[in-house]
Structure formats: structure tokens, C-alpha cells
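Visitor: sequence? don't have it. structure:
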């Protein structure tokens, strides 16, 4: 098997940086070795070799960090990235020692520093982007031209359909405003399927959608550029300009 399927063993050390490579580790070892030799001999050639290895190590580390950032940017920019993968990359970026918080925001020369002020600012921003201007007086919808003779007169939910959906819920998802987790809904799918089916059918027949079902939680995620700005800069200005999309 080893003859026809070549294999390669990679040692991953817990304390290694995510951008660390075997070549960089080898350079660092040589740099430290010649640094010790120069400390003992004080010879010019040993100092020259140490300085060369030091410069080469710094260069390779810069290249490795750049490749690592490009790779993570590509992952976070992927519209098909899963929730698990997203937070996995976020944990790689921030780790457990850094608090991932939204920095101070500035909009129209007004500074927003507290969590409540930032939340209200984002609410206003998203509301402005998602709101529709009221129609002018006397406006009516245009006539709809049907493309088929088929019509959907009523929608009926079946118990087995609701049961299948409840049984396939992702238990890793966060709870909504009602605080009911998918784990509970999935484990109790057999008991909940019938009453939920009745509620759904009642809602469709009465043409009433409960207001509580329209509520949702929205989490603000830092953009990729801001993330790497916070990571790479040793001192980052608190103010980050907020632009309307």
C-alpha cells in the first residue's frame, strides 16, 4: 500500500501558529543555532550567517502570514460557507484570548461607543435599507398576467410533512426569540407534529400570520477587511467609518 499510495506525515504542534510551515520551523532552528554559535565565538562569519538566517526567516514568515490571510479571506467571502466553518475560521482569527467586539463607530461625525448605541445605529441602517417607500395616493397594483391555467386555491399541511421537517432540524442552530431550541423540537417531533400542523392550517385558513412568528434575532458580523485590520495592526484607531451600502 505504501508503495502505490505515497503518504506524508505532518506534525502539528499545539503551540504552532496557523501559518507555521516546516520550512519556517527549520529556518528558526538554524537561526537560533547560529545565534548561539555567534554568542560563543564572536566571529564575523557566524554573525553574518545569523543575520542572513534572521532576515530569511522574517521574509518567509511575512509570506506565510500573507498566504494565510488570503486563504481565510477567501473562506469568509464564500457565500456557501457553513455556519460551523465560519465560526471555525473566526476562532482561528480571534482565539480564546481576544474579545471579538465591534469597535467604536463614527457616522456623520457622531461617535457610537457603547453596545446599545452601536445596536441602535445598525437598526437604523438596516431599517433604511429594507424599508419600502409608501405608494402614492390612488396607486393600485397592475393587473397580473397569468402564465399558466393552474391555480393554487388552498395550502394544506400534513402531519407527516411537519414531522419530517421537525426531525431534520439542525440542533447546532441557535434559538430564536422564543428561546425554544431545535434540540427540543427534534426530540419531541412525534408529539409536536399534530398540534403544530393544526396551528399552521388554522393560520393559512384564516389568512393570519402571528406577529410573534415575524420576530428574529440579527447578529452583526464584522466584515473581512475589519477583521484583518484588527488582527494585523498593533495599534488600530478606534474610529471605523460606517458607510451605507
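Guide: Ah, there it is. All of these numbers come straight from a predicted model, not from anything done at the bench. Residues are numbered from 1 along each chain as shown.
Visitor: Which residue is the nearest non-sequential neighbour of the residue nearest the centre of the chain?
Guide: Centrality entry for the chain: nearest residue to the mean C-alpha point is residue 86, 4.0 Å, by C-alpha atoms, centre = their mean. Spatially, and ignoring its direct neighbours in sequence, residue 86 is nearest to residue 76 (7.0 Å; C-beta to C-beta, 6 or more residues apart in numbering). Where you see a C-beta, it was placed from the backbone N, CA and C, and this is true even at glycine.
Visitor: ok, that neighbour to residue 93 distance?
Guide: In this view, residue 76 and residue 93 are 9 Å apart by C-beta to C-beta, to the nearest Å.
Visitor: Distance check, the closest residue in space to residue 170 that isn't next to it in sequence against residue 190.
Guide: In space, and not counting its chain neighbours, residue 170 is closest to residue 182: 6.1 Å by C-beta to C-beta, 6+ apart. Residue 182 sits 15 Å away from residue 190, going by C-beta to C-beta.
Visitor: Ok, residue 79 next?
Guide: Here the criterion is C-beta to C-beta. By it, residue 79 lies 36 Å from residue 190.
Visitor: In terms of neighbours, single out the busier of the two.
Guide: Taking neighbours as other C-beta atoms under 10 Å, residue 79 and residue 190 compare with residue 190 leading, 10 against 4.
Visitor: wait, the more buried one sits on residue 163?
Guide: Yes. Here residue 190 reaches residue 163: they are 6.9 Å apart, a contact under C-beta atoms under 8 Å.
Visitor: ok, back up a step: element containing the residue nearest to residue 86, please.
Guide: Residue 76 belongs to helix 44-77 when assigned by DSSP states H and E.
Visitor: list the buried ones in that helix?
Guide: Buried residues in helix 44-77, counted by 16 or more other C-beta atoms under 10 Å: 46-47, 49-50, 53-54, 57, 60-61, 64, 68-69, 72, 76.
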